[in-house]
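*Asks:* Got a predicted model here, sequence first, then my questions.
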Amino acid sequence: MRIPLTAVVIVACVMNCGFSVLAAAEKSEAAAEPSQEPSSQPNENAEQTVPREFLGFADVSEFRGVIDDPDGYVNLRKEKRADAPVITKVKAGEAFQFKKKEGEDWCWVKLKSGVSGWMHYSRIKLYFTKADLPEKSEEGDEIDEEARRQGVNYYDVTQAAARGDEKALKTFFRLGADGAAAEEHDGVMCVVIHLIGDDAFAKFLREQSQDFVSFVDTGTVWPFESKEYFRQHFPKSAKILFPDYDQAVRDYTRAIKVNPKDSHAYRQRGIAEYEKDDWDRAITDLDRAIQLDPKDDLAYWKRGCVRVDKGDYDAAVKDLHKAIELNGRKVAYYLDLGTCQLYNRKPREAIAASLKALEVSPDDAVLIKTNLAHGYLFDNQFEKAKAIYLENKDAKLRDDQQTFTEEVLDDFMQFRDAGLTHPDMEKIETLLTTKDEQ
């Protein structure tokens, strides 16, 4: 069984970029070039003769892009085929405007010089600058107001997230919204992810719980298909967002052959094996990762998770304590420690871990309190447990994806499957599922 309560989770992320691009274009054409010089406008030089093959793009949304190719340039072609005559070469860092019809592989591209032609979509990466981030507004719009209701200054947290600040990124991705606010937030997510880049985004994702990553909504990188786009332009992040564990094992095996002392490769291969439920191999690789890098808190954490699934709770507790000793800022470590202690029939230790988690990350209070309430329940402190269950009964855990009650009921099912029961569990289930219960 997977540890069921590790869920510093949000629905967020990767984005309806169409909104962001259009809003940014209206707001600041100065952002179109790294030099901040204005780009050519969509309707600029409207009097010029438009080639027949471009006429069908009149109603297609326009975006900004740059090339993403290992050669450092991409040929702009006269026609929509790979062997068409080359008009010019587009170099890395040269921003341009482009349009893409749904289902077509070739994009119409217009350079700042006014030269236009065709480029294959796989070579185009969406382009943003900091000028595309929301401006500071005294009155605020829908997303500003929604963030304020959640105790967040949207401008400040967005600016910090775009700088790669981990705490800000977690807050940013945790924000929940709907309607117009959700559309705007999705677009801003697209901008933030492109500004921080693949290395920083992958590092951030890698340090989150698997539940967190699994609830990241990759949405649509409009006008591109999200999974393909991320694998092409954010390959490190894509391995985390869209994991192919068999391929990951092969990739890290090759890395280990190249460098047998690559602790990161051993750790990541161990994690992939864990996700494949190959627990013994996972333990072997995580052992080796820790031997090579005794300060790798992630390796201790993941080895602890494997041991929880194997039912080796005492050993798991030691690993999770070591992970916390090395890095006491990760709320996921305390959450998993609390979960482990529950399965280990040590509810008081689960309570202690949960209280510490609340100190580390009060923003995750609703989620943490599932563990805390369970701890009190199994420690026969029924009134304390009941108060927490009822206080959070209708609270949302994962940006409207799951409620506190749903999480508790799922946990109870997992507990019973593991042979962990308490006579008051049925009372709590009745309290949580009965409407207007006082």
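*Replies:* Structure received.

*Asks:* any low-confidence regions in the stretch 1-150 of the chain?
*Replies:* 1-60, 138-140 (pLDDT under 70).

*Asks:* where exactly do the strands run in it?
*Replies:* 62-67, 73-77, 86-91, 96-99, 106-110, 116-120, 124-126 (DSSP state E, counting those that start in this stretch).

*Asks:* Specify the stretch among those strands that is closest to E391.
*Replies:* Nearest to E391 among the strands of the stretch 1-150 of the chain is strand 124-126; the distance by C-beta to C-beta comes to 43.2 Å. Where you see a C-beta, it was placed from the backbone N, CA and C, and this is true even at glycine.

*Asks:* So in that sheet, which strands flank the closest one, and in what orientation?
*Replies:* strand 62-67 (antiparallel) (DSSP bridges).

*Asks:* and the direction of the partner strand versus that of strand 73-77, what angle?
*Replies:* With axes from the mean of the first three to the mean of the last three C-alpha atoms, to 10 degrees defining the directions, strand 62-67 sits at 130 degrees from strand 73-77.

*Asks:* Export strand 62-67 to CSV, keeping only CA atoms.
*Replies:* This file holds the C-alpha atoms of strand 62-67, laid out as CSV (Å, rounded to 0.1, in the frame of the first residue of the first chain):
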residue,chain,number,x,y,z
GLU,A,62,-1.4,34.7,-32.1
PHE,A,63,1.4,33.8,-29.6
ARG,A,64,5.0,34.6,-28.9
GLY,A,65,7.7,32.1,-29.2
VAL,A,66,11.4,31.3,-29.5
ILE,A,67,13.1,28.4,-31.1
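
*Asks:* for the strands of the stretch 1-150 of the chain, which one sits closest to R303?
*Replies:* Using C-beta to C-beta, the strands of the stretch 1-150 of the chain put strand 124-126 closest to R303, at 37.0 Å.

*Asks:* List of residues touching the closest one?
*Replies:* 17, 21, 63-68, 98, 100, 107, 109, 190, 194, 221, 224, 233 (C-beta atoms under 8 Å, 6 or more residues apart in numbering).

*Asks:* at 7 Å what do you get?
*Replies:* C17, F63, G65, V66, I67, D68, F98, C107, H194, H233 (C-beta atoms under 7 Å, 6 or more residues apart in numbering).

*Asks:* Next: stretch 313-326.
*Replies:* 295, 297, 300-301, 303-304, 307-308, 333-334, 336-337, 340-341, 343-344.

*Asks:* Quick check: buried residues in the helix or strand encompassing A182?
*Replies:* Secondary structure from DSSP states H and E places A182 in helix 179-206. Using 16 or more other C-beta atoms under 10 Å as the test for burial, helix 179-206 gives 181-196, 198, 200-202, 204-206.

*Asks:* nearest residue to Y252 other than its sequence neighbours?
*Replies:* Among residues not flanking Y252 along the chain, R269 sits closest, at 3.7 Å (C-beta to C-beta, 6 or more residues apart in numbering).

*Asks:* Tell me who's in contact with the one you found.
*Replies:* V249, Y252, T253, D285.

*Asks:* Please indicate which of those are buried?
*Replies:* Among the contacts of R269, those classed as buried by neighbour count (16+ other C-beta under 10 Å) are V249, Y252, D285.

*Asks:* of all the residues you listed, which comes closest to Y155?
*Replies:* After measuring those against Y155 - C-beta to C-beta - the closest member comes out as Y252, at 40.3 Å.

*Asks:* That closest one contacts G270, doesn't it?
*Replies:* No. Counting by C-beta atoms under 7 Å, Y252 stays clear of G270, with 8.7 Å between them.
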